[in-house]
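Asker: Give the three-dimensional model of this entry:
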Amino acid sequence: MKLILPNSIRSKKNSKRIYGFGKFKKVLPSLAYLEWEEEARRAVVSQLSCDFKLLTGEISINAQIYYKGARPDLSGCLESIGDSLEGVLFVNDRQIVSWDGSHLYHDLENPRTELSIDYNQRAEARVDKKYQCHVCKVKVGEKHLPFCSVGNDVFYQ
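Answerer: The predicted model follows:
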């Protein structure tokens, strides 16, 4: 399966925000990352068929990352890709067993991320049977919470 994520990738590791309520603090990803993640999710959904079901087996991903600007950290980019596709393409990013051949390229004209995904249907990954949205933690069949970056649709398996 081949997918293309638009625009320059944003690393989840950089520019985190600290959100506090009272004495409790929570570290949140940057707004730039959240915007990129939402755009990436929408791009993936638009490239999948209507009857697509989340992948549940082992997955190998080859990511060719074309970035604009300063060179990002490859491991941060791979983490961003895995987290953005969780709940949209596969159940949990623990299913990814290989990132072989992933590479960074500088491209000022057309920044994007090209993904080649190999899926092993026979090897079922060890994933929780209680599937949840990784952002708002709703279960399959429930509606996403208003603050969820995944969207307001029903979380599907």
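Asker: For Ala40, give me its contacts.
Answerer: Applying C-beta atoms under 8 Å, 6 or more residues apart in numbering, we find Ala40 in contact with 5-6, 81, 84-85, 113. (Glycine included, C-beta is placed from N, CA and C.)
Asker: Tell me the spacing between Trp36 and Lys68.
Answerer: Going from Trp36 to Lys68 by C-beta to C-beta, to the nearest Å gives 12 Å.
Asker: hey, what's in contact with both of the two?
Answerer: Listed contacts common to Trp36 and Lys68 are Ser8; contacts here mean C-beta under 8 Å, 6+ apart.
Asker: neighbour count winner among those two?
Answerer: More crowded of Trp36 and Lys68, by other C-beta atoms under 10 Å: Trp36, with 23 against 14.
Asker: Helix or strand: which one has that one?
Answerer: With elements taken from DSSP states H and E, the one containing Trp36 is helix 31-47.
Asker: Report the buried residues of that helix.
Answerer: The neighbour-count check on helix 31-47 (16 or more other C-beta atoms under 10 Å) flags 33-34, 36-37, 40-41, 43-44 as buried.
Asker: same thing with stretch 23-32?
Answerer: Residues of stretch 23-32 classed as buried by neighbour count (16+ other C-beta under 10 Å): 29-30.
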